[in-house]
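K.L.:
Dropping the sequence and predicted coords here.
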Amino acid sequence: MSIAPADLLDSKQRVVRIVARELLAKVRERAEGLGVDDEADAVHDFRVAVRRLRSWMRAFDDELASTVRPKVNRRLKRIADATRTSRDCEVHIEWLEKFGKSQRGRYRAATDWLAGDLRSQKAKADLALREAVDRDLDRTAAQLNQGLAHYIVDLDEPADPMAAQLAKLIRDHAVAASSEISKIGSVGDRAEAHEARISVKRLRYIVEPLGDSIDGAPSLVDDLSKLQDELGALHDAQIFGSEIAKDLAKVLAASTPVAHDDDELADDSSASVSDRADALRAMSQRLHREELRAFKLLGDTWLSGRANDLWIRADNIASALETKRRG
């Protein structure tokens, strides 16, 4: 999916829709892999495809509003939300498997217990995702394709070229990303880091369709992807760390005299409450170390003004787009 150089001088109304249709086609393609046993990354790939489409449509909401119904955006959001739990469980199960191997058999029963619980959650989430896709995707895609097939032209207003709109959006998104990154001052700034990751992702998704049409665009996309990944690693460690802390609190509560016989932790697992507590403490400590390492890497690479080069390069790309507009 790439915007050809000639398309940069074409009407933004037309080009926005061409790109959106290509992104929608990728969503449909990725949906076919859901539920297929040998497609290990199917949920991730589908989620990314939906995110790219939603991010593009959000950025060009003014251009699309005249022909794309609001209900289409609402359904796409429901589908995107349905991917979250399944993908999170997948990531956490993979982490537990690596943790279990690193312990060489220690905490095996407790790790298997937690991984089994996550697999049960993932199975339910996968079913909910499949139901959401079966219920909403076909009609959403049909209505969206219909809305993308035409646009309204105001004869009293000149048609802005795609280059002009992209230049504005890239600058706006770069300013937003720079602002969010500047708010991260410590490892405790979790909300700020999360918002920064979203802003970086949105900038990346705006620049990405330029492909080789503008010098410097591919390398900027690569570096934005690296920054997004590092923010994502920090976020994953923090989110799973919080989940493990909740599990530990439940286990410790179950070990008190007031715990009830029907407590959800009182099952026939070979892992005792004490074993589970010890394992969860070890997991929590490992995740905390990973969180600190991720934040240090982020700080050494991108924070304290080190990401400024990204915003300068984004501005250069915007300037190049404006030059094409004048040309």
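P.N.:
Thanks, I have it.

K.L.:
pretty sure residue 276 contacts residue 108?
P.N.:
No - in this structure, residue 276 is not within contact of residue 108 by Cβ atoms under 8 Å, at 11.9 Å. Just so you know, the C-beta spots here come from the backbone N, C-alpha and C atoms, and that holds for glycine as well.

K.L.:
Between the two, which has more neighbouring residues?
P.N.:
Between residue 276 and residue 108, residue 276 has the larger neighbour count (other Cβ atoms under 10 Å), namely 25 against 15.

K.L.:
residue contacts, that one?
P.N.:
Taking Cβ atoms under 8 Å, 6 or more residues apart in numbering, we find residue 276 in contact with 110, 113, 114, 251, 265.

K.L.:
Need those in TSV (columns: distance to residue 301 and neighbour count).
P.N.:
Output for those, formatted as TSV (distance: Cβ to Cβ, whole Å; neighbours: other Cβ atoms under 10 Å):
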residue	distance to residue 301	neighbour count
110	35	26
113	37	19
114	32	24
251	37	23
265	41	17
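
K.L.:
what would these look like in JSON lines with distance to residue 236 and secondary structure?
P.N.:
As requested, the contacts of residue 276 are exported to JSON lines (distance: Cβ to Cβ, whole Å; DSSP: H, G, I helix; E, B strand; the rest coil):
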{"residue": "110", "distance to residue 236": "21", "secondary structure": "helix"}
{"residue": "113", "distance to residue 236": "21", "secondary structure": "helix"}
{"residue": "114", "distance to residue 236": "16", "secondary structure": "helix"}
{"residue": "251", "distance to residue 236": "22", "secondary structure": "helix"}
{"residue": "265", "distance to residue 236": "25", "secondary structure": "coil"}
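
K.L.:
if we take those, which one ends up nearest to residue 218?
P.N.:
Nearest to residue 218 out of the contacts of residue 276 is residue 114 (Cβ to Cβ; 40.9 Å).

K.L.:
roughly how far apart are the closest one and residue 88?
P.N.:
Between residue 114 and residue 88 the computed distance is 14 Å (Cβ to Cβ, to the nearest Å).

K.L.:
Please convert the contacts of residue 276 to TSV, extending it with pLDDT and distance to residue 307.
P.N.:
Formatted as TSV, these follow (pLDDT from 0 to 100; distance: Cβ to Cβ, whole Å):
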residue	pLDDT	distance to residue 307
110	89	40
113	90	41
114	92	36
251	88	40
265	48	44
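
K.L.:
on that earlier part again, got any residues that touch both of residue 276 and residue 108?
P.N.:
Common neighbours of residue 276 and residue 108, counting by Cβ under 8 Å, 6+ apart, are absent.
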